[in-house]
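Peer 1: Below are the sequence and a predicted model; questions follow.
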Amino acid sequence: MKRLALLISLAIVVRSNMSGIMAQAPEPSSIRGILTRWGSDAPIGQATVELRDLSGKAVAITATKETGDFAFSNVPRGTYGIVALAAGYAPAEYGQLRPGGSGRPVIVAAGQQPNIRINAVPGGSISGRVTNENGQPMVYSQVDVLRATYGIDGRVTPIFMQSVTTNDLGEYRAFWLPPGQYLVRAGFSRLNCFCNYGMNSPMGSDTSTPSTFISQTSRPRAAAAPNTDAAPAAAPVLSSFYSGAADAASATPVNLNIGSEVTGLDIRVAPIEFSSRVKVSGVVVDLAGRPLQNSFSVSIGKWPTTPAIDYSSAQMLTTRAPYPDANAAPGAQRYVIDNGKFEAAATAGKYQIRAVQGELSGRVIVDIGNADVDLTIPLRPSSVVAGRIRMEGDPANTPRDWSRLLVGIWTGPSVSFTGSIEDNGQFLIEHVIAGDYQFFIPPWTSAPVSTTDRRGLAVTSPTPNRSALPAVFENAYVKSIRSTNRDLMENSLRVEGGERLDFVEIVVSLDAASFDGRVLNTKREPVSRATVVLLPKGNAPAVSDRYRTSMTDDSGSFQFHGLPPGDYRVFSWEDVDAGAWFNPAFLAVYERLATSVTLVEKQRQSLDLDVIPAESPR
């Protein structure tokens, strides 16, 4: 009897423990949904649906039924994005408020079974033909379709979206594209390339597959022997964009609407006629005044420089020379730098032409009219920029946690240098090449570098990342940057090369302003995930902490800290493409909906803002 009682007691204990374990185990979660055509209840079947983590990586993949239904089971709790890829439709995200807009996350808790709906719009297409200068079709030419996003100065900044290849007639067709503005660029023919390539899926790079593009290792290729007696021809500047442009800055964007077909976008890859553009040529010389014999880089762009891509085509020239290896076949030749020569093309205007070879650099600023230009660019050693940073009102020797910060300088479109700050506030920026620079002090101010929005599109933005600030600087801002009597927040620092500039002083104030509030709809309800954009009035510096963006939380609230005092305008969009507010034409549509605010040192201001609905005109 005692043995039986013991077994019964053990069974009760085991059952009790098992019940406790089962009670503690998290309930499985799932996500169910339906994919339909935008603006209707028509289901979309046989579509791929991806469950993505916050980094954009697919953690689960499923397909829709003919009824448009799909499901993900055993989903761990967390925050996810959901993207649907269907034949004939542009990629669609859960939570899009407008075609081509950004999606919203799905938050999954233990035991939950969210039920969602995704709407997809028919994809558009762009087609045309690529020919060479003789009008012959360019076969196997790569054609890139680029999304036209915007940089801080409002200029178009192209972002890769899709790549296709021409057929034997030189024809191309890119399809299933979301609505938007695009640039189209054609490259060289791969007809005689002896290599394997990967082909991008029309759905976009997220679904690229490493398939073989073309392999021609078995077909012969004829080539005439080089004419060693003829003078080497200058490499031509080629048009490669639709509209006959050589670069993105002068290319014509194409508007693509929902499900529309834009045809006839023909591209002629041919030398640009210098009747519309003048020829810019010259030579780069070393410290001793001798033409360069080793590789260098050369660029030409509008001046003053900007963070946008505004550079014309420029290239160093090469020539043929005998191959130096004694064991090489008789008559073997190679291409070498042609005595530092370069060539470019430009329309009328003021330009900066810069040459760089390692830490050596040089530049010429020139007014280009209607006549060809021939220049010499001498290289000089790099420069050093030095100075000190201090807190307003503090004695020079007051200790601060400066060592966790950096001081940087940048010049457009993408050249920057940084230096660390010593405990006493002294800083040193070395290896600086020639240029006109603006300062940035992360994380108060930032250089306009490319970032990525929620859909993976790159955008140029000066919004600083203040999360890395030491606690002592939470309410601080950069009040002034000066060199002798020159204001370097409003003006550039000129560096010519081979010099030491050690008279820069940066003053930081702890008396920043702050601004917060809520975004509300017409029913006076809070709007979550709205984009709040704070822009300075007037012509503020391009790199500045006066440009801020924030996204509202679930209560519709937003907040900005560490703001320099001044006059601002505020916009609050329910949904907007990242960086679109830098496009003057776009911003002009919404200027009447801006809220003006004046911020004062040490003061906090709060406002409720009316949301600009996603269906507003674009």
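Peer 2: Done, it's in. Residues are numbered from 1 along each chain as shown.

Peer 1: roughly how far is stretch 138-151 from the heart of the chain?
Peer 2: Distance, stretch centre to chain centre, for stretch 138-151: 15 Å (C-alpha atoms, centre = their mean, to the nearest Å).

Peer 1: which other helices and strands contact the strand or helix carrying Q559?
Peer 2: Using DSSP states H and E, Q559 maps to strand 557-563. On a contact count with 3 or more C-beta pairs under 8 Å, 6 or more residues apart in numbering; DSSP states H and E, strand 557-563 meets strand 513-520, strand 531-536, strand 548-551. Glycine gets a C-beta too; all of them are placed from N, C-alpha and C.

Peer 1: hmm, 7 Å instead?
Peer 2: Contacts defined by 3 or more C-beta pairs under 7 Å, 6 or more residues apart in numbering; DSSP states H and E place strand 557-563 against strand 513-520, strand 548-551.

Peer 1: The helix or strand where T149 lies: partners in the sheet, and parallel or antiparallel?
Peer 2: Assigned by DSSP H and E, T149 belongs to strand 141-150. Here strand 141-150 is paired, per DSSP bridges, with strand 156-165 (antiparallel), strand 180-189 (antiparallel).

Peer 1: Do a quick rundown of the strands in the stretch 101-250 of the chain.
Peer 2: Secondary structure of the stretch 101-250 of the chain by DSSP state E, counting those that start in this stretch: the strands cover 106-108, 115-120, 124-132, 141-150, 156-165, 171-177, 180-189.

Peer 1: Between the helices and strands packed on strand 557-563, which shows the greatest average number of neighbours?
Peer 2: Of these, the one with the most neighbours on average (mean count of other C-beta atoms under 10 Å) is strand 513-520, at a mean of 20.

Peer 1: For that strand, which outside residues touch it?
Peer 2: Applying C-beta atoms under 7 Å, 6 or more residues apart in numbering, the contact partners of strand 513-520 are 526-527, 530, 532, 552, 556-561, 563, 565, 572, 597, 599-601, 603-611.

Peer 1: Only whichever of those residues are buried, select them in ChimeraX.
Peer 2: Burial among these is assessed by 16 or more other C-beta atoms under 10 Å; the matching ChimeraX selection reads:
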select :526,527,530,532,552,556,557,558,560,561,563,565,572,597,599,605,609,611
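
Peer 1: Look up how far V519 lies from D608.
Peer 2: To V519, D608 is 8 Å away according to C-beta to C-beta, to the nearest Å.

Peer 1: just R320 next, same as before
Peer 2: Distance from R320 to V519, by C-beta to C-beta: 65 Å.

Peer 1: Put together CSV for the strands paired with strand 141-150, with mean pLDDT and distance to Q46 on each row.
Peer 2: Below are the strands paired with strand 141-150 laid out as CSV (pLDDT from 0 to 100; distance: least, C-beta to C-beta, whole Å):
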stretch, mean pLDDT, distance to Q46
strand 156-165, 86, 21
strand 180-189, 86, 26
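
Peer 1: Turn those strands into CSV, columns for mean neighbour count.
Peer 2: Formatted as CSV, the strands paired with strand 141-150 follow (neighbours: other C-beta atoms under 10 Å):
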stretch, mean neighbour count
strand 156-165, 21
strand 180-189, 21
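
Peer 1: So which of the ones you listed is nearest L238?
Peer 2: strand 180-189 (9.1 Å; C-beta to C-beta).

Peer 1: Specify the angle between the closest one and strand 124-132 in degrees.
Peer 2: 30 degrees (axes from the mean of the first three to the mean of the last three C-alpha atoms, to 10 degrees).

Peer 1: With only the CA atoms kept, save strand 180-189 in PDB.
Peer 2: Only the C-alpha atoms of strand 180-189 are listed here, as PDB (Å, rounded to 0.1, in the frame of the first residue of the first chain):
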ATOM      1  CA  GLY A 180       7.400  57.100 -59.800                       C
ATOM      2  CA  GLN A 181      10.100  59.000 -61.600                       C
ATOM      3  CA  TYR A 182      12.900  57.100 -63.400                       C
ATOM      4  CA  LEU A 183      16.100  57.600 -65.300                       C
ATOM      5  CA  VAL A 184      17.200  55.100 -67.900                       C
ATOM      6  CA  ARG A 185      20.800  54.400 -68.700                       C
ATOM      7  CA  ALA A 186      22.400  52.000 -71.200                       C
ATOM      8  CA  GLY A 187      25.900  50.500 -71.000                       C
ATOM      9  CA  PHE A 188      28.300  48.800 -73.300                       C
ATOM     10  CA  SER A 189      27.500  45.600 -75.300                       C
END
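
Peer 1: contact partners of that strand?
Peer 2: Against strand 180-189 from outside (C-beta under 7 Å, 6+ apart): 100, 126, 130, 138-148, 158, 240-242, 248, 251, 253-256, 265, 267, 269.

Peer 1: After the strand holding Q559, which helix or strand is next?
Peer 2: Following strand 557-563 in sequence, per DSSP H and E, is strand 566-573.

Peer 1: Can you point out the buried residues in that following strand?
Peer 2: Those would be 568-573, for strand 566-573 by 16+ other C-beta under 10 Å.

Peer 1: circling back to that earlier point, just tell me which of the strands paired with strand 141-150 ends up closest to P381.
Peer 2: Of all the strands paired with strand 141-150, strand 156-165 comes closest under C-beta to C-beta, at 32.7 Å.

Peer 1: how much does the closest one deviate in direction from strand 171-177?
Peer 2: If you take the same axes, to 10 degrees, strand 156-165 sits at 120 degrees to strand 171-177.

Peer 1: With just CA atoms, put strand 156-165 into PDB.
Peer 2: Output of strand 156-165 as PDB, limited to C-alpha atoms (Å, rounded to 0.1, in the frame of the first residue of the first chain):
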ATOM      1  CA  VAL A 156      17.800  64.300 -58.700                       C
ATOM      2  CA  THR A 157      19.900  61.500 -57.100                       C
ATOM      3  CA  PRO A 158      19.500  58.200 -59.000                       C
ATOM      4  CA  ILE A 159      19.100  54.900 -57.200                       C
ATOM      5  CA  PHE A 160      19.300  51.500 -58.900                       C
ATOM      6  CA  MET A 161      15.900  49.700 -59.300                       C
ATOM      7  CA  GLN A 162      16.200  47.100 -62.100                       C
ATOM      8  CA  SER A 163      18.600  45.900 -64.800                       C
ATOM      9  CA  VAL A 164      17.600  44.300 -68.100                       C
ATOM     10  CA  THR A 165      19.400  43.300 -71.300                       C
END
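
Peer 1: Can you list the strands that the strand ranked longest in the chain pairs with?
Peer 2: Longest strand in the chain, counting residues (DSSP state E): strand 333-346. Each strand paired with strand 333-346, and its direction, by DSSP bridges: strand 278-285 (antiparallel), strand 314-322 (antiparallel).

Peer 1: What residues of that strand count as buried?
Peer 2: The neighbour-count check on strand 333-346 (16+ other C-beta under 10 Å) flags 337-338, 340-346 as buried.

Peer 1: can you dump the C-alpha coordinates of it into PDB?
Peer 2: Listed next in PDB are the C-alpha coordinates belonging to strand 333-346 (Å, rounded to 0.1, in the frame of the first residue of the first chain):
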ATOM      1  CA  GLN A 333      51.300  46.100 -76.600                       C
ATOM      2  CA  ARG A 334      49.600  47.500 -73.500                       C
ATOM      3  CA  TYR A 335      47.600  50.600 -72.600                       C
ATOM      4  CA  VAL A 336      49.400  53.200 -70.400                       C
ATOM      5  CA  ILE A 337      48.500  56.700 -69.100                       C
ATOM      6  CA  ASP A 338      49.000  59.200 -71.900                       C
ATOM      7  CA  ASN A 339      51.200  61.800 -70.100                       C
ATOM      8  CA  GLY A 340      48.600  62.900 -67.600                       C
ATOM      9  CA  LYS A 341      46.100  63.900 -70.300                       C
ATOM     10  CA  PHE A 342      42.400  64.100 -69.600                       C
ATOM     11  CA  GLU A 343      39.300  65.000 -71.500                       C
ATOM     12  CA  ALA A 344      35.700  66.000 -70.600                       C
ATOM     13  CA  ALA A 345      32.700  67.900 -71.900                       C
ATOM     14  CA  ALA A 346      30.600  70.700 -70.300                       C
END
